[in-house]
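K.L.:
Make a model of this:
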Amino acid sequence: MPFPESTFFKCLRMRNPSYKSSSSVSIGVTLRYAGVCLTMAAVSACSSDTDEPDRAAEVEARLQTVIQKYDVRAVDPTTLGAPSIDDPLSQLGKKLFFSKALSGDQDTACASCHHPSLGGGDDLSLPIGVDAVDPDLLGPGRRHQSSAEHWDGGPTVPRNSPTVFNFILYEKTVFHDGRIEVVADGIRTPNSSFGTADPHAGESLAAAQARFPVTSAEEMRGFHFAANEGDDARLLLGARLRGEDGELDQVAVDNWAAEFAAVYGAETQPVVSYQRVAAAIAAYENSQLFIDNPWFRYLNGDRHELSLSAKRGAILFNTPAADGGAGCTSCHSGPAMTDESFHVLAMPQIGRGKGDDENLRGDHGRYRESHLPEDKYAFRTPSLLNVSETGPYSHAGAYADLESVVRHHLDPLNALENYDIRQLDGEGIQSESLMYTAEESILQLETLRAEDKSKLPQVQLDDGQVADLIAFLQALTDPCVQDRDCVSKWIPGPEDTDPDQLRLVAKDRDGELL
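P.N.:
Numbers count the residues shown, from 1 in each chain. Presented below is the predicted three-dimensional model:
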């Protein structure tokens, strides 16, 4: 429900009596900090030209001008070196991605939070990893066992599951806080100090990322074996897949050695290692290239792919705010539509958080890694490719639909004041940090704006322009990701061997197979 009245918002209205709910930024933003109301002038936004003719030919001409002026380009798949899902290593990775053997208690797979039928995520605001009531039920309806460790009736993982679709397009950073990132001499991970390469990271960002969900107690490791969060867990999982006795329960059926030998050969021992597990999962993830969307087809010459509304939205999206546009490319730049950097948007903070702020339910985002004051509450810019299928949106999955998250970008203060958690489909989502973090993150955003350190544009869009922008965002989705038959190549089927009989065969809350 909307926030109750607080000193923060009372102060806002007292200093700005003309403030009212709208999709535009306020001219003056009043903030409470340490009991003092501070007024910071916000930049007055430029209205778009509402008299611009709507005729299709003129809109087309304007869009072509924008594309040429700002060098707007589609992803060129020939430059990526993406593996095929049919490659033996990708096929091995697919089987591992869907195997619960990679979780400590054999109840969770990578696909439990990143399923191809759910946009490469889990269709939840916040994930429930281990100890689900029904481990095979994904998406809305997935619940945490009341007898499990740290049960509180809500989701257990503190950040939204980002899609793994188009993982190969990321060149700099992984995770909402960038705790895996490319540095001068390699890839830095949580196992190495900030700015320092991890010698065991692997050959790609995807391989580095695949090393860490298995070490998180809430995501996959579980709470019932004593391995720490680092290499001990990976070593034990490697031993499990090799059929060796160890601290972890062994799988009842184990044919992984034959699967790995078919890809790597049997000469190098051990045939099965977690380093190879991560490499195979990386190949599988990097094969998930879904970029055949209407916008890219339009950019590549098919002028019939976009609706008139989507073309107007494309003009708004790709035109800087200083030139009368929405300025979205200040962060969502390049063919992948992300600068892979970190920005403060003052998104609602829900869920368990990361132990930050006074109530320990906050999440300081990139600041947790960099310790730079300007990074407090900053999170990585996500790619917008396939965005219609990758909600809920924000680092904590606070918004259920595109319109809500777009309107938050336009007016974070108003969006926070009127935020209603009931829009989300999930049980027991924690909201203790909503009010406190709203005030602190808005203060941070306005401080950065006053210091000219924020890239979030301050623009006014009317309802028609918001609708146009959403039409454009919907044109960024590859139809394949909306088609179960099309994504079935990335989901194990009856024709695929099941090396341990622990395959996740996922279903939705209605019992339908995903």
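
K.L.:
what's the span of stretch 472-488, first residue to last?
P.N.:
End-to-end distance for stretch 472-488: 27 Å, by C-alpha to C-alpha, to the nearest Å.

K.L.:
buried set for it?
P.N.:
Using 16 or more other C-beta atoms under 10 Å as the test for burial, stretch 472-488 gives 472, 473, 474, 475, 476, 477, 478, 480, 481, 487. C-beta coordinates here come from the backbone N, C-alpha and C atoms, glycine included.

K.L.:
Closest to residue 66 out of these?
P.N.:
The shortest approach to residue 66 among the buried residues of stretch 472-488 belongs to residue 472, at 11.7 Å (C-beta to C-beta).

K.L.:
any idea how far that closest one lies from residue 319?
P.N.:
Remark: distance between residue 472 and residue 319 (C-beta to C-beta, to the nearest Å) = 12 Å.

K.L.:
Show me the strands in the stretch 351-500 of the chain, by range?
P.N.:
378-380 (DSSP state E, counting those that start in this stretch).

K.L.:
Any regions of it where pLDDT drops low?
P.N.:
Counting by pLDDT under 70, the stretch 351-500 of the chain shows no low-confidence range.

K.L.:
residue ranges for the strands of the protein, please.
P.N.:
28-33, 36-41, 173-174, 180-183, 186-188, 342-344, 378-380 (DSSP state E).

K.L.:
State the mean pLDDT of the second one.
P.N.:
Within the predicted structure, the mean pLDDT of strand 36-41 is 32.

K.L.:
Residue 67 and residue 73: what is the separation?
P.N.:
9 Å.

K.L.:
of these two, who's got more company?
P.N.:
Neighbour count, other C-beta atoms under 10 Å: between residue 67 and residue 73, residue 67 has more, with 16 against 12.

K.L.:
Distance-wise, check that one relative to residue 459.
P.N.:
20 Å.

K.L.:
sorry, back to before: present the buried residues of stretch 472-488 as CSV; the columns should include distance to residue 504.
P.N.:
Listed next are these as CSV, based on distance: C-beta to C-beta, whole Å:
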residue, distance to residue 504
472, 35
473, 30
474, 30
475, 32
476, 28
477, 25
478, 24
480, 21
481, 19
487, 15
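
K.L.:
Torsion angles phi and psi at the residue nearest the centre of the chain?
P.N.:
The C-alpha lying nearest the average C-alpha coordinate of the chain belongs to residue 162 (C-alpha atoms, centre = their mean; 2.8 Å). In terms of degrees, to the nearest 10, the main-chain angles of residue 162 are phi -70, psi 150.

K.L.:
For it, which residues are in contact?
P.N.:
Residue 162 sits next to 121, 175, 176, 382, 390 when contact means C-beta atoms under 8 Å, 6 or more residues apart in numbering.

K.L.:
of the residues you listed, closest to residue 192?
P.N.:
residue 175 (14.4 Å).

K.L.:
Tell me how far the closest one lies from residue 493.
P.N.:
For residue 175, the distance to residue 493 - C-beta to C-beta - is 31 Å.

K.L.:
and these two? which has more neighbours close in?
P.N.:
Higher neighbour count among residue 175 and residue 493: residue 175, with 19 against 7, using other C-beta under 10 Å.

K.L.:
ok now do that one, which residues does it touch?
P.N.:
162, 209, 380.

K.L.:
and residue 289, how many neighbours does it have?
P.N.:
By other C-beta under 10 Å, neighbour count at residue 289 equals 21.

K.L.:
so what's the nearest residue to it once chain neighbours are set aside up against?
P.N.:
Excluding the flanking residues, the one nearest residue 289 by C-beta to C-beta, 6 or more residues apart in numbering is residue 82, at 4.7 Å. By C-beta under 8 Å, 6+ apart, the contact set of residue 82 is 168, 286, 287, 289.

K.L.:
ok, now residue 203?
P.N.:
279, 282.

K.L.:
same check, this time on residue 67
P.N.:
299, 318.

K.L.:
before we move on, what about the one 10 residues further on?
P.N.:
Contact partners of residue 77, counting by C-beta under 8 Å, 6+ apart, are 289, 291.

K.L.:
Which pLDDT value belongs to it?
P.N.:
In this model, residue 77 carries a pLDDT of 97.

K.L.:
same check, this time on the one 5 residues further on
P.N.:
According to the predicted model, the pLDDT of residue 82 comes to 98.

K.L.:
and what of the one 5 residues further on?
P.N.:
Among the per-residue scores, residue 87 shows a pLDDT of 99.

K.L.:
Wait, it touches residue 286, no?
P.N.:
No: look at residue 87 against residue 286 with C-beta atoms under 8 Å: they stay out of range, at 10.1 Å.

K.L.:
Between those two, tell me which one has more neighbours.
P.N.:
Higher neighbour count among residue 87 and residue 286: residue 286, with 25 against 14, using other C-beta under 10 Å.

K.L.:
domains in this protein, as residue ranges please.
P.N.:
According to automatic domain parsing, the chain comprises the domains 7-77+292-474, 80-289+486-490.

K.L.:
Select, out of those domains, the one closest to residue 513.
P.N.:
Comparing the domains of the chain by C-beta to C-beta, domain 80-289+486-490 comes nearest, at 8.7 Å.

K.L.:
what's the offset of the closest one from the middle of its chain?
P.N.:
16 Å (C-alpha atoms, centre = their mean, to the nearest Å).

K.L.:
Compute the first-to-last residue distance for that domain.
P.N.:
19 Å.

K.L.:
mind checking how far the closest residue to residue 455 other than its chain neighbours is from residue 324?
P.N.:
Sequence neighbours aside, residue 330 is the residue nearest to residue 455 in space, at 4.4 Å (criterion: C-beta to C-beta, 6+ apart). Using C-beta to C-beta, residue 330 is found at 14 Å from residue 324.

K.L.:
can you check residue 505 too?
P.N.:
52 Å.

K.L.:
show me where pLDDT drops low in the stretch 201-350 of the chain?
P.N.:
Ranges of the stretch 201-350 of the chain meeting pLDDT under 70: 226-229.

K.L.:
how about 80 then?
P.N.:
Low-confidence segments of the stretch 201-350 of the chain (pLDDT under 80): 225-230, 246.

K.L.:
That one: helices as residue ranges?
P.N.:
Using DSSP state H, counting those that start in this stretch, the helices assigned to the stretch 201-350 of the chain run over residues 205-209, 231-241, 256-264, 274-286, 294-299, 308-318.

K.L.:
Can you convert those into JSON lines and add a column each for distance to residue 418?
P.N.:
Converted to JSON lines, these look like this (distance: least, C-beta to C-beta, whole Å):
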{"stretch": "helix 205-209", "distance to residue 418": "36"}
{"stretch": "helix 231-241", "distance to residue 418": "43"}
{"stretch": "helix 256-264", "distance to residue 418": "52"}
{"stretch": "helix 274-286", "distance to residue 418": "37"}
{"stretch": "helix 294-299", "distance to residue 418": "31"}
{"stretch": "helix 308-318", "distance to residue 418": "23"}
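
K.L.:
Nearest to residue 411 among those helices would be which one?
P.N.:
helix 308-318 (16.0 Å).

K.L.:
now the closest one: how far from the chain's centre is it?
P.N.:
24 Å.

K.L.:
Which strands and helices lie in contact with it?
P.N.:
In terms of contacts (3 or more C-beta pairs under 8 Å, 6 or more residues apart in numbering; DSSP states H and E), helix 308-318 is packed against helix 56-69, helix 294-299, helix 463-474.
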